[in-house]
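1. fold the following and give me the result.
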Amino acid sequence: MITPDYCREMARYNAWQNDQLREAIYGLPVAEITRDRGAFFGSILGTANHLLWGDDMWMARFGAGPLPEIALAESPALTPTPAAWAGARRRLDMRIIAWADRLAALDLVGDVSFFSGVEQREMSLPVGLAITHFFNHQTHHRGQIHTMLTQAGAAGPVTDLIFRKR
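-> Sure thing, here's the model as predicted:
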């Protein structure tokens with residue numbers, strides 16, 4: 001389904017996208033970043049925090065770090081400020097890249113099993129599907145943030161994978 005090269009490309013795409021979000025967020029007043037815009041996780045910062053939490057959760061499931069200390073419902077408040085989010089985001093992006101760089105084809109075979117707090121049960125998925133979901137989840141929520149940035153008057157970042165400099 002996927003290859004280690006796909007994972008490496010997507011890990012770098014993720015970091016590139018988050019670098020652009022960081023720049024866009026820094027250009028806005030805190031009131032705009034924390035304003036509830038009716039998104040599922042409320043604000044720009046709430047959605048960015050949820051995505052940070054979700055990435056950390058998946059890294060733990062993939063054996064690349066500990067489980068987050070808070071539950072999904074608390075994820076929008078994971079970091080209190082844009083600066084705290086930016087630092088945590090950069091550290092996690094570097095961990096995701098390091099994880100992807102270590103992957104071998106054999107690591108993408110088999111299942112990943114975990115307890116889902118949302119489903120309240122043990123789950124098992126093909127690891128390739130779980131990794132594809134991981135990267136898709138990032139893209140989904142960054143799309144929401146992109147819309148909210150536009151609503152706040154910021155220029156939305158370039159999101160097309162083909163424009164990432166290699």
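
2. okay, strands next: where are they in the chain?
-> 111-116, 121-126 (DSSP state E).

3. show the average pLDDT along the last one.
-> Looking at strand 121-126 alone, the average pLDDT works out to 96.

4. got a markdown table for the strands of the chain, with distance to residue 80 and mean neighbour count too?
-> Quick note: C-beta positions are derived from backbone N, CA and C, even for glycine. A markdown table is the format used below for the strands of the chain (distance: least, CB to CB, whole Å; neighbours: other CB atoms under 10 Å):
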| stretch | distance to residue 80 | mean neighbour count |
| --- | --- | --- |
| strand 111-116 | 27 | 14 |
| strand 121-126 | 31 | 12 |
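
5. distance to residue 4 for those - can I get that in CSV?
-> Supplementary listing: those in CSV, determined by distance: least, CB to CB, whole Å:
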stretch, distance to residue 4
strand 111-116, 16
strand 121-126, 16
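
6. which residues sit in contact with residue 154?
-> 24-25, 27-28 (CB atoms under 8 Å, 6 or more residues apart in numbering).

7. what about the longest helix anywhere in the chain, distance to the chain center?
-> Across the chain, the longest stretch assigned as helix under DSSP state H is helix 127-151. Between the mean C-alpha location of helix 127-151 and the chain-wide mean there is a distance of 7 Å, by CA atoms, centre = their mean, to the nearest Å.

8. okay, the angle between it and strand 121-126?
-> For helix 127-151 against strand 121-126, the angle by axes from the mean of the first three to the mean of the last three CA atoms, to 10 degrees is 100 degrees.

9. counting by contacts, list what helix 127-151 packs against.
-> Under the contact definition 3 or more CB pairs under 8 Å, 6 or more residues apart in numbering; DSSP states H and E, helix 127-151 sits against helix 4-26, helix 44-61, strand 111-116.

10. the last one to helix 44-61, inter-axis angle?
-> Counting by the same axes, to 10 degrees, strand 111-116 points 130 degrees away from the direction of helix 44-61.

11. which residues sit against strand 111-116?
-> 61-62, 121-127, 130.

12. repeat that for 6 Å
-> For strand 111-116, contacts defined as CB atoms under 6 Å, 6 or more residues apart in numbering pick out 61, 122-127, 130.

13. and those residues, which is closest to residue 109?
-> Nearest to residue 109, judged by CB to CB, of the contacts of strand 111-116 is residue 127 at 7.0 Å.
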